[in-house]
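Chemist: any chance you could fold what I've pasted below:
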Amino acid sequence: TVVGGGLTGVEAATELAETRPDLDVSLIARAGLGDWLSPKGARHLQKVFGNLRITTHEHTTVTAVHADRVTTTDGDIPAAVTIWTTGFAVHPIARATTLETGDTGQITVDATMRSLSHPDVYAIGDAALVTGPGDEPLRMSCASGIPTAWQAADAIAARLTDSKLPTISARYFNQCISLGRKEGLIQYVTADDRAVSAALTGRLAALYKELVCKGAAWGVANPTMGLPTRRRRVTAEGARVEATAGTTAGTEAA
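Modeler: Numbers count the residues shown, from 1 in each chain. Predicted coordinates:
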């Protein structure tokens, strides 16, 4: 039984059902299955779930997890194994400091990923509360983490060299969803992550997602391969900031 109807839950359920057809796989979603997708995307998702014989419990809330079952508002559901995919949580380390954080515990930052309360600290990815298009916070994902890392690195370099600060804001283009090894769904979205009517489905979408994953893995293994090297002279002010950062809050960018 997979608890959570988001991207992680959908991918986990379909992967398990395809790989182990001898298992009874079910998914519990607090909302409707794929209700954030376009009509085309939702239809394809429901079709794949049907073909893989995944039992879906929609509009259902889990109240307890036991060794052999999951208790919901509609009763008990058998579960030899329960996989919990209901969302991400921020590590409590930031909230335990004097850094300014939001309600989620993420560090509040400006457009350059610089802490609003501690200008020597930069936060990226899941640790940062970043305002995106439509004044909405960016969701926790690689689609948010990678561009915020770029933004922070460019901003640090700009401040050290007295150069123009980066002004590019993160935005979304699509949601890449694996539905097992043979099926996929690429849901195209607006800049603020709302589904549009266009969606790519089937084997081609699965290959698209596979390329994205392989590209990300290659990029981690080869961080500088094929990229131009840019060298800029550190200004006197930048050198002072660089020298003192280690003795204050530190400059963090990973």
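
Chemist: so, low pLDDT: which residues of the stretch 151-254 of the chain?
Modeler: 225-230, 236-254 (pLDDT under 70).

Chemist: if you set the cut-off to 80 instead, what comes out?
Modeler: 168, 219-220, 223-233, 235-254 (pLDDT under 80).

Chemist: which residues in it form strands?
Modeler: Along the stretch 151-254 of the chain, counting by DSSP state E, counting those that start in this stretch, strands occupy 174-178, 184-189, 195-201.

Chemist: report pLDDT for Val81.
Modeler: On pLDDT, Val81 comes in at 97.

Chemist: tally of neighbours for it?
Modeler: Neighbours of Val81 under the rule other CB atoms under 10 Å: 11. For the C-beta atoms, the positions are set from N, CA and C on the backbone; glycine is no exception.

Chemist: need the three-state assignment for it.
Modeler: The assignment at Val81 comes out as coil when based on DSSP: H, G, I helix; E, B strand; the rest coil.

Chemist: make sure Ser144 is indeed in a helix.
Modeler: Yes. Assessed with three-state DSSP, Ser144 lies in a helix.

Chemist: residue contacts, it?
Modeler: Ser144 sits next to 125, 130, 132, 138, 170 when contact means CB atoms under 8 Å, 6 or more residues apart in numbering.

Chemist: just the residues you listed: which are in helices?
Modeler: Judged by DSSP state H, the contacts of Ser144 include no members of helices.

Chemist: kindly reformat the residues you listed as a markdown table containing neighbour count.
Modeler: As requested, those are arranged in a markdown table below (neighbours: other CB atoms under 10 Å):
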| residue | neighbour count |
| --- | --- |
| Gly125 | 20 |
| Val130 | 26 |
| Gly132 | 19 |
| Leu138 | 25 |
| Ala170 | 20 |
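
Chemist: report the two of those separated the most.
Modeler: Largest separation among the contacts of Ser144 by CB to CB: Gly125 and Gly132, giving 13.4 Å.

Chemist: per-residue pLDDT, Ile93?
Modeler: 92.

Chemist: which stretch of helix or strand covers it?
Modeler: Assigned by DSSP states H and E, Ile93 falls within no helix or strand.

Chemist: tell me the contacts of Phe88?
Modeler: 126, 140.

Chemist: helix, strand or coil for it?
Modeler: On the three-state scheme (three-state DSSP), Phe88 is labelled coil.

Chemist: all good on my end, thank you.
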